[in-house]
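A predicted structure for the sequence below; I have some questions about it.
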Amino acid sequence: MTLFSKVFQITMLLLFLTLFLGRTISLRAKHGVKVFTLVSGKHGLSRCIELSFFILLPLWMCALCLRVFTPSLLAWDAPFLVSPTLRLIGSVLIVCGFSLFIWSLISFGRSWRIGIDTKNSGPLVTTGAFAYSRNPIFVFIDLYFVGSALIDMTPLLIAFAMAVAAGMHYQILQEEGFLQARYGEEYRSYRARTSRYFTMRRWVP
């Protein structure tokens, strides 16, 4: 991993933690909002997948830090492809993802939740970043993990990216069912005009 890639990866990780934890703490302190609602009221597969968030995220951060601060000693930690082009693509994906993440947090306002909040869900957010994607924060997470994997191309980081993409898609499907039941026709109308991941037609004059 090049020096630029190391600095970039650590900078983005610190930015992620600052935004993620900072917004969570701010909402809790200023407005009494309980942001973390993962596994609340969940059972079976849904509960297992949401619990995996608390395991996979720290493991991924540890794997990333090990790649930055230590030499590759094991086969699973050694990149199988070194490509400046892929590193550039990965960096661009991460920067785009973080731009989307910040926009999403602003658009969400006090409604930001990590998980499905069945008690205090608030109004349906359909403006800002949510006018172009029904799940902009999930898109950010996918872009971040895929971009990080492209920068380093180790089997472990690629496996994390694939697992996260699959887990995020499953979580989206669960949330869609909840939103449909909670908001009814309002959500059906929103769903009809806005794509699950990205709505290209909104950029067309």
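In hand now; what should we look at? Numbering: from 1, shown residues only.

so who does residue 36 touch?
The neighbourhood of residue 36, defined by C-beta atoms under 8 Å, 6 or more residues apart in numbering, consists of 24, 114, 115. From N, CA and C alone the C-beta is placed, and that goes for glycine too.

From residue 20, how far off is the last one?
This points to residue 115. When distance is defined by C-beta to C-beta, to the nearest Å, residue 115 is 14 Å away from residue 20.

go on, residue 12?
Taken as C-beta to C-beta, the spacing of residue 12 relative to residue 20 amounts to 12 Å.

From the structure, what's the count of residues near residue 161?
When neighbours are counted by other C-beta atoms under 10 Å, residue 161 registers 19.

host element of it?
Using DSSP states H and E, residue 161 sits within helix 155-183.

who does that helix touch, helix- and strand-wise?
The contact analysis (3 or more C-beta pairs under 8 Å, 6 or more residues apart in numbering; DSSP states H and E) places helix 155-183 against helix 44-69, helix 136-152, helix 185-193.

In the longest one, which residues are buried?
Using 16 or more other C-beta atoms under 10 Å as the test for burial, helix 44-69 gives 49, 50, 53, 56, 60, 63, 64, 66, 67, 68.

quick one: least confident helix or strand in this structure?
Counting by mean pLDDT, DSSP states H and E, the weakest-scoring helix or strand in the chain turns out to be helix 44-69, with a mean of 84.

following it, which helix or strand comes up?
Of the helices and strands lying after helix 44-69 in sequence (DSSP H and E), the nearest is helix 84-108.

Just the buried ones from the contacts of residue 36, in ChimeraX syntax?
Those of the contacts of residue 36 that count as buried under 16+ other C-beta under 10 Å are selected in ChimeraX with:
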select :24,115
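
Now, the contacts of residue 36 that are in helices?
Counting by DSSP state H, the members of the contacts of residue 36 that fall within helices are residue 24.

And the pLDDT at residue 129?
We have a pLDDT of 94 for residue 129.

And the pLDDT at residue 141?
The per-residue pLDDT reported for residue 141 equals 95.

Can you tell me how far it is from residue 161?
Residue 141 sits 10 Å away from residue 161 when distances are taken as C-beta to C-beta.

tell me the secondary structure for the closest residue to residue 111 other than its chain neighbours?
For residue 111, the nearest residue in space outside its immediate sequence neighbours is residue 122; the separation is 4.4 Å by C-beta to C-beta, 6 or more residues apart in numbering. Reducing the assignment to helix, strand or coil with DSSP: H, G, I helix; E, B strand; the rest coil, the entry for residue 122 is coil.

Thank you, goodbye.
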